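Novice: Turn this into a model:
(2 chains)
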Protein chains: 2
Amino acid sequence: MESVTKRLAEFSLEAHDLYLNRSVPYLEGPPDPLQFYRDWIGPNKPCIIRDAFGHWPALSRWTPEYLREKVGSKVISVAVTPNGYADAVSGDRFVMPEERPMSFSSVLDVIEGKVQHSGVLYVQKQCSNLLQELPELTADVDSHVSWMSTALGKSPDAVNFWLGEESAVTSLHKDHYENLYCVISGEKTFILLPPTDRPFIPYGVYQPAVYRQQDDGVFHIVDQSGSEKVPWIPLDPLNPDLDRYPQYRSARPLRCSVKAGEMLYLPALWFHHVQQTHGCIAVNFWYDMEYDIKYNYFQLLETLSEVTAST
Amino acid sequence: MESVTKRLAEFSLEAHDLYLNRSVPYLEGPPDPLQFYRDWIGPNKPCIIRDAFGHWPALSRWTPEYLREKVGSKVISVAVTPNGYADAVSGDRFVMPEERPMSFSSVLDVIEGKVQHSGVLYVQKQCSNLLQELPELTADVDSHVSWMSTALGKSPDAVNFWLGEESAVTSLHKDHYENLYCVISGEKTFILLPPTDRPFIPYGVYQPAVYRQQDDGVFHIVDQSGSEKVPWIPLDPLNPDLDRYPQYRSARPLRCSVKAGEMLYLPALWFHHVQQTHGCIAVNFWYDMEYDIKYNYFQLLETLSEVTAST
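Specialist: The predicted structure follows:
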């Protein structure tokens, strides 16, 4: 089994030597669909595309004033946490945010510092919330990314709207989606790890729970009784506990900042951790991934990583 | 280690359940480059394309009479073996054919039964022999497959010409090329195994040797002294020795026949064994494969298959 562990480590290093970039490259403008498929989707490599949505009215329109006027009275679902960590491991639990219905204008009051608020707000509901909760804003963006829809031969499965405070963090995880992440204002900072680094990334299984803020402002953690345990990554890539997770020393995270007007292609199954500037607004498109040979191979890697981690 | 062996077997079965076809599908005509990349090259799946080169003059022109007139006097390299097996394991050796320079018309004399000959002939030199040895015939075919060149963003690395006797066989192996195999006349029969069946395919390392036919017609096997041992597959998929290689019971070979006018897309790293009707003529295009995430994963699979096979 030691030989398998050793081989998994070599394999991850080979990925970096063979085809991965040492930083996230930039494309200067919307790509040709076939070329994008061949150069990025097929090889499962991230890139940042500049000037890819310069024609969206959102880029100039989405000021607090405009948003208050257009959707200020709309009630949206907001993730509320004591520390900015929604969907993250805390102690021996996987803790999800309180999902609080709030008017858009009251969220903006907090973002703009007009109202004091205990807890951290993050509009981050990934249920195609732009289309579901804020249809008044859809005219300000394209309904899909045409070259991506052509490349993949399908429409996006979800279009999500993101708005949050500076301390709102997305903990390290992966999605089963091809992801185009468009920053409208502010800046997002991503830490990215390729699927081939899976052997270095620790997983545990945790009792699911949710934050609940009481009338006195104090957050409590309430177990979701009857729910199955959740596999999640306990490691914080901002401050990795290398004594506890020494294998992470071999991981080779990429860092990138995505600025207003830029679009990150975040390939399916890449691990990612996300931070942002205060009040950063973003829209992302999720396209269903293909459950083909790459997924098949990843599943092998995943179970081998589990087997070797437990020995 | 037993758990790894078990997991590799499950992984191969998952490939068949997830995305592989139970037989090789047909496309009715030349595909769109992007769609072909997305549906076949990306997922690394074979298919047969009908009417893909109906405009090639070769399809109607390449009769024995025409070939004698055009290239009858040209000297080409012919693989000669006692049994039809060129590049195959025999006993404890990897035996390559005698490479004999012959005029094209003398090869046709044998194919047409005009001359008796001991040994089996196969024009199969994969050095772009159509362009190198038979440039007079290149006007009868396209110099590349335009939709494939567009899909891959490159030109073929080699264009090979194939002509052989009925008993000429290509033993089970894989190539580091994306392969388009066009049958001009006759029929080729392929046994195909996906890269994910690698755990079930036995490999050995063998002393390289070549056949040499003596003046009395008898073939001798002559070791290539000083050459490094060659890894090859000793198993014959036409008659697998399941007592010796019991793991092959779990393999799921696909069989397909490619008829005149049809083109097989044989994806990189697929294992293949080839037979043909007597005098079958074919042309194939080799495009360099990408050494990307799929190759990276295959290399992991290869070494894990070796480790588990040796325990």
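Novice: Close to chain B: what parts of the stretch 1-150 of chain A are there?
Specialist: A:1, A:3-4, A:7-8, A:11, A:14-15, A:18-19, A:33-35, A:37-38, A:41-44, A:150 (C-beta under 8 Å from any C-beta of the partner chain). From N, CA and C alone the C-beta is placed, and that goes for glycine too.
Novice: Please pick the buried ones from these.
Specialist: A:4, A:7-8, A:11, A:14-15, A:18-19, A:33-34, A:37-38, A:41-44, A:150 (16 or more other C-beta atoms under 10 Å in any protein chain shown).
Novice: Just the ones in helices from the residues of the stretch 1-150 of chain A next to chain B, please.
Specialist: Under the assignment DSSP state H, the residues of the stretch 1-150 of chain A next to chain B contribute A:3, A:4, A:7, A:8, A:11, A:14, A:15, A:18, A:33, A:34, A:35, A:150 to helices.
Novice: what's residue A:44 in contact with, if anything?
Specialist: Neighbour list for residue A:44: A:194, A:195, A:267, A:268, A:269, A:270, A:294, B:292, B:293 [criterion: C-beta atoms under 8 Å, 6 or more residues apart in numbering or on different chains].
Novice: rerun at 7 Å
Specialist: A:267, A:294, B:293 (C-beta atoms under 7 Å, 6 or more residues apart in numbering or on different chains).
Novice: Relative to residue A:206, which of these is nearest.
Specialist: Taking C-beta to C-beta as the measure, residue A:206 lies nearest residue A:267 of the contacts of residue A:44, at 26.3 Å.
Novice: Which residue comes closest to the closest residue to chain B within the stretch 101-250 of chain A once chain neighbours are left out?
Specialist: Using C-beta to the nearest C-beta, the closest approach of the stretch 101-250 of chain A to chain B is made by residue A:153 at 6.0 Å. Spatial nearest neighbour of residue A:153, chain neighbours left out: residue B:38 (6.0 Å); criterion: C-beta to C-beta, 6 or more residues apart in numbering or on different chains.
Novice: which residues of the stretch 151-300 of chain A fall in strands?
Specialist: A:158-164, A:169-173, A:177-185, A:187-193, A:204-213, A:219-223, A:230-232, A:254-259, A:262-266, A:271-276, A:281-288 (DSSP state E, counting those that start in this stretch).
Novice: Quick check: which helices or strands does the last one pack against?
Specialist: Using 3 or more C-beta pairs under 7 Å, 6 or more residues apart in numbering or on different chains; DSSP states H and E, the elements in contact with strand A:281-288 are strand A:158-164, strand A:177-185.
Novice: can I get the ones you listed in CSV with mean pLDDT and distance to residue B:159?
Specialist: CSV is the format used below for the helices and strands packed on strand A:281-288 (pLDDT from 0 to 100; distance: least, C-beta to C-beta, whole Å):
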stretch, mean pLDDT, distance to residue B:159
strand A:158-164, 96, 46
strand A:177-185, 98, 35
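Novice: Now those strands in CSV, please, with extra columns for distance to residue A:300.
Specialist: What follows is the helices and strands packed on strand A:281-288, written out as CSV (distance: least, C-beta to C-beta, whole Å):
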stretch, distance to residue A:300
strand A:158-164, 28
strand A:177-185, 21
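Novice: Can you add distance to chain B and mean neighbour count and give those back as CSV?
Specialist: Shown next, in CSV, are the helices and strands packed on strand A:281-288 (distance: least, C-beta to the nearest C-beta, whole Å; neighbours: other C-beta atoms under 10 Å in any protein chain shown):
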stretch, distance to chain B, mean neighbour count
strand A:158-164, 21, 24
strand A:177-185, 12, 23
